[in-house]
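> Just the structure for this:
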Amino acid sequence: MPIVFIALVLGALLGVVRARKRGGNGFDQAQYAAVHAILFGLAGLFLTIFILRAA
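Numbers count the residues shown, from 1 in each chain. Modelled structure (predicted):
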């Protein structure tokens, strides 16, 4: 499960950075952070499932 939490945090950070580069305000940064966290979290979840099934 740590993979999912790490992916969530990294996704949120990446989302904030991307929104700041595009000149977004606080709401834009929050939205980018949320969307990136969800996508990275799902990717981390699938990676965790794949690793556990392969073991």
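> shaky segments in this structure?
Applying pLDDT under 70 to the chain picks out no residues at all.
> could you say what helices and strands the longest helix along it packs with?
Ranked by residue count under DSSP state H, the longest helix found in the chain is helix 26-54. If contacts are counted by 3 or more Cβ pairs under 8 Å, 6 or more residues apart in numbering; DSSP states H and E, helix 26-54 sits against helix 2-21. (C-beta placed from N, C-alpha, C; glycine too.)
> so how far is the helix it packs on from its chain's centroid?
4 Å (Cα atoms, centre = their mean, to the nearest Å).
> any idea how far Leu6 is from Ala43?
For the record, residue 6 is Ile, not Leu. Note on Ile6: its distance to Ala43, by Cβ to Cβ, to the nearest Å, is 11 Å.
> shared neighbours of the two, anything?
Common contact partners of Ile6 and Ala43 (Cβ atoms under 8 Å, 6 or more residues apart in numbering): none.
> re earlier: so for the longest helix of the chain, what gets flagged as buried?
Across helix 26-54, burial judged by 16 or more other Cβ atoms under 10 Å covers 28-29, 32-33, 36-37, 40-41, 44.
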